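In: predicted model and sequence follow; I will ask about them next.
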Amino acid sequence: MQSTTRHRLSDFLRSSEYPLILCILFAATFFRLHRLDEVPPGMTHDEGSVGFFVRQVAVGEAFEIDAPYGYANEPFARYTGAIVMWLVGPTDWALRLHQAFWGVMLTLTTFLWGRAAFGGTVGLGGAALVGVSFWPQMTSRFALNSNPAPALLTGAIWLLWIALFRDPLRLRLLAWAGFALALAGALMTYEAARGAWLALPAFWLYLRIVGQQRRMGQFALALACGTALTLPYLLNPAAWGRTAVLSEPLTSAAHGDFNSLVRNALEALGTLFLKGDPFIVYNIPGRPVLDPITAVLFVGGVLFCLWHWRRPACAFVILWFGAGFAPAAVIGAFTMTLHAITTQAVVFTLPALMVELLARYFTSRISRFTRIAFVLLVVLTAVLTFRDYFDVWGNSTETRAAYFANFHAVTAFLHATPYSGSVTLSSPFPGLPHDPFVADLRVRRRDLDLRWFDAREAFVFPQVRESLLLLPANALPDPAFTAHLPMVTVQRHIVRETYVDPYFETLIWQPQTTLAAWLADGTLTTVDPPANFGGALALLAVSLSSPSVLPGETVQTITVWQVLDPTALGPRAPVHYAPEAMLFLHVLDADGNYMAGSDRLHAPAWNWHPGDSFAQIHRIALPPDMLPGEYPLRIGLYTLPDVVRLLRLDAEADTVEIGRIQVVPP
């Protein structure tokens, strides 16, 4: 057996396939690594959340959460991503390099499976299209858990083919073991792979129906083993967090209404030929997966496989595409880029199969021309992909906004600045796992002590003498705050004039001096003594914009707080990354009944530090039919997600009255 295997390997190395697949892999590597630190032009919050968990593994700090955000609960990519971080460092670039690696692996496994199922020419053609087409290029460069799934599944199917139809016993046993392990990896990577899994038992049943009885017991055992390896994980409901989006169309169909299911299926199929995924994060909205020529070849390949369904390779192609595309067919065109990701190998192998069929049908001269035309099609596809991805999509205003390019520039500034010490950072998404997780991946400096808040509605005053204040264009301070800040010393940093948020501003300020001046200037009413809520927060001062308002108008109030002890909030909930809380301000009637209110906290509790202070703006829209009269305003604090109010330690109450408003007749 070993001599036979060596003979086959030496034949392959001497064949023309060897240099060709090397060229294809080189092209795929180039497309996945070129400007990897620039395009996409930032990171989404899903990527930041995935990166947090990968880095936790890389640095050996385990973290468990019941309802993680952005597929962060998928274990396979968490550990393989950690390996890359061990090698190159715990950075956002390492996270994307991990994705790029699996994109190249998909190119290789597409070749191996296509070669085993249909021959070397088809394998090369499918791999070439996977290597340079826009869809696999896109999914190979953003840092989500999903990208290992198509490479693992395609590799598992190749090993299945080897074990079923090739090679002697000992190598076949290795193939079965590899099939089980690769399948388990795919199932623990992305939920869409669990839909594609259905193609495997369906193929086993097909083989029995058509009388292909060889090695059926081995197939069933390997499939059962690969699936069983994942059961401890898949039996956890958290592993199916996004599957709920499938429920509505399927529930309607179960009750006899197929309208939404048919509509979604047609929309999803249309993404291949007519109008692609509309989500800018994953595609140029409306750009179909296949160009007109490749689409015709794809349809021809599907029709060929349907006609020759008694051939196992043809039957499996149909089963694979059907099961892998099912999640997208149920949900529709939106985010089809991810929901149908496990079909990438088969989608791009079918055009190559059709070209090979045409080349065999015609005379040698026309056959040569057909293959040359296909090579030109691959080259043209590469050119269009390069233009569309790096120029059109990578430079579009919508893409920069979706990938938070302004915040990307803010984190780059923090990574490079010679400043060291306290940083007060305004952000439109200061809560976990949003901007803070992205910053953790990109800044990587222990000498910076960050305070997070959204200056449009809150402002943090660290208990330090001096701090660097960063104000991005999409989270500039409310005028109530800028009136007390030394804005004359601000420096504006232009990110790019054509960005949606083209700049951010920085200045050095003295937080405690600023707060003391504000408390002393008469615009705030001091709460004396401060109201102590559960030992966590103390209410220091309030300001009411106007005591007299009309029905339907907005009441604006500012409250100023000091952080006493964040641990008084209690332990974090299993569904949260850290302890969380919320301020509530209620307008009550004379009998204490709720009339209107506002629950908000834009200086998030996860980032509270003892001794710091913060100001929060509360805006309450009054009902338009509110009766004239005097109404008290009462404020309090509760924890999340249990919504338990913290009791005041200075009084037998869970709220404090901070003023009254007079609603006057219109």
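Out: Here it is on my side, so go on.

In: longest strand of this protein?
Out: strand 629-640 (DSSP state E).

In: what's the first helix or strand after it?
Out: strand 644-645 (DSSP states H and E).

In: could you list the low-pLDDT ranges of the chain?
Out: Applying pLDDT under 70 to the chain picks out residues 1-14, 67-73, 167, 241-242, 244-246, 363, 497-499.

In: would you mind giving the domain segments of it?
Out: When the chain is parsed with automatic domain parsing, its domains come out as 2-33+103-399, 405-512, 524-663.

In: so which of these comes closest to Pro90?
Out: Proximity to Pro90 (Cβ to Cβ) singles out domain 405-512 among these, at 7.3 Å. (Glycine included, C-beta is placed from N, CA and C.)

In: chain center to that closest one, what's the gap?
Out: 24 Å (Cα atoms, centre = their mean, to the nearest Å).

In: end to end on it, go ahead and measure it.
Out: Start-to-end span of domain 405-512 (Cα to Cα, to the nearest Å) is 32 Å.

In: look at Trp204 and give its secondary structure.
Out: With DSSP: H, G, I helix; E, B strand; the rest coil as the basis, the three-state label of Trp204 is helix.

In: so it touches Leu221, yeah?
Out: No - taking contacts as Cβ atoms under 8 Å, Trp204 lies outside contact range of Leu221: 10.9 Å.

In: could you check how many residues crowd around the closest residue in space to Ile21 that isn't next to it in sequence?
Out: Ranked by Cβ to Cβ, 6 or more residues apart in numbering and with sequence neighbours excluded, the top spatial neighbour of Ile21 is Phe111, at 5.5 Å. Phe111 has 29 neighbouring residues, counting by other Cβ atoms under 10 Å.

In: which SS state does Ile620 fall under?
Out: Under three-state DSSP, Ile620 falls in the strand class.

In: distance of it from Ala401?
Out: Ile620 sits 30 Å away from Ala401, going by Cβ to Cβ, to the nearest Å.

In: so what's the gap between stretch 511-528 and the chain middle?
Out: Worked out by Cα atoms, centre = their mean, stretch 511-528 lies 42 Å from the chain centre.

In: who's in contact with the residue lying closest to Pro666 once chain neighbours are set aside?
Out: Leaving aside its chain neighbours, Pro666 sits nearest to Leu550 (5.6 Å; criterion: Cβ to Cβ, 6+ apart). By Cβ atoms under 8 Å, 6 or more residues apart in numbering, the contact set of Leu550 is Leu622, Val663, Val664, Pro666.

In: would you say Trp581 is within a strand?
Out: Quick fix: residue 581 is Ala, not Trp. Yes - under three-state DSSP, Ala581 falls within a strand.

In: contacts only, for the closest residue to it other than its chain neighbours.
Out: The shortest distance from Ala581 to any non-neighbouring residue, by Cβ to Cβ, 6+ apart, is to Ala605 (4.1 Å). Ala605 makes contact with Pro566, Leu569, Ala578, Pro579, Glu580, Ala581, according to Cβ under 8 Å, 6+ apart.

In: give me the beta-bridge partners of the fifth one?
Out: Partner residues in beta bridges with Glu580, using DSSP bridges, are Leu640.

In: my guess is it meets Ala573, correct?
Out: Yes - here Glu580 reaches Ala573: they are 7.5 Å apart, a contact under Cβ under 8 Å.

In: more neighbours: which of the two?
Out: Using other Cβ under 10 Å as the criterion, Glu580 and Ala573 rank with Glu580 on top: 20 against 17.

In: one step back: indicate which one of the domains of the chain is closest to Met85.
Out: domain 405-512 (9.9 Å).

In: state the helix or strand in which Leu181 lies.
Out: Element membership of Leu181 [criterion: DSSP H and E] is helix 169-187.

In: show me what that helix packs onto, helices and strands only.
Out: The helices and strands touching helix 169-187, judged by 3 or more Cβ pairs under 8 Å, 6 or more residues apart in numbering; DSSP states H and E, are helix 148-165, helix 191-196, helix 216-228.

In: of all these, which lies closest to Gly522?
Out: Closest to Gly522 of the helices and strands packed on helix 169-187, according to Cβ to Cβ: helix 191-196, at 58.0 Å.

In: for the closest one, buried residues please.
Out: Neighbour-count burial for helix 191-196, counted by 16 or more other Cβ atoms under 10 Å, picks out Glu191, Ala192, Ala193, Arg194, Gly195, Ala196.

In: ok, stretch 640-657 next?
Out: Leu640, Leu646, Leu647, Arg648, Asp654, Thr655, Val656.

In: so who does the fifth one touch?
Out: For Asp654, the residues meeting the contact criterion (Cβ under 8 Å, 6+ apart) are Phe533, Gly636, Arg645, Leu646, Leu647, Arg648.

In: export those to a markdown table and tack on distance to Met216?
Out: Below are those laid out as a markdown table (distance: Cβ to Cβ, whole Å):
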| residue | distance to Met216 |
| --- | --- |
| Phe533 | 67 |
| Gly636 | 67 |
| Arg645 | 63 |
| Leu646 | 64 |
| Leu647 | 67 |
| Arg648 | 72 |
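
In: between the residues you listed, which sits nearest Ala94?
Out: For the contacts of Asp654, the nearest to Ala94 is Leu646 (41.1 Å; Cβ to Cβ).

In: doesn't Asn532 make contact with that closest one?
Out: No - taking contacts as Cβ under 8 Å, Leu646 lies outside contact range of Asn532: 9.3 Å.

In: C-alpha coordinates for stretch 649-666, PDB please?
Out: Written as PDB, here are the backbone C-alpha positions of stretch 649-666 (Å, rounded to 0.1, in the frame of the first residue of the first chain):
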ATOM      1  CA  LEU A 649     -28.500  53.600  52.400                       C
ATOM      2  CA  ASP A 650     -29.300  57.100  53.600                       C
ATOM      3  CA  ALA A 651     -33.100  56.700  53.600                       C
ATOM      4  CA  GLU A 652     -35.800  54.000  53.500                       C
ATOM      5  CA  ALA A 653     -36.500  54.400  49.800                       C
ATOM      6  CA  ASP A 654     -35.200  53.300  46.400                       C
ATOM      7  CA  THR A 655     -35.600  56.700  44.700                       C
ATOM      8  CA  VAL A 656     -34.900  60.400  45.400                       C
ATOM      9  CA  GLU A 657     -37.000  63.300  44.300                       C
ATOM     10  CA  ILE A 658     -34.800  65.700  42.300                       C
ATOM     11  CA  GLY A 659     -37.400  68.400  41.500                       C
ATOM     12  CA  ARG A 660     -40.800  69.100  40.200                       C
ATOM     13  CA  ILE A 661     -42.100  70.200  36.900                       C
ATOM     14  CA  GLN A 662     -45.200  72.300  36.200                       C
ATOM     15  CA  VAL A 663     -47.200  71.300  33.200                       C
ATOM     16  CA  VAL A 664     -49.000  74.300  32.000                       C
ATOM     17  CA  PRO A 665     -52.000  74.500  29.700                       C
ATOM     18  CA  PRO A 666     -51.300  74.900  25.900                       C
END
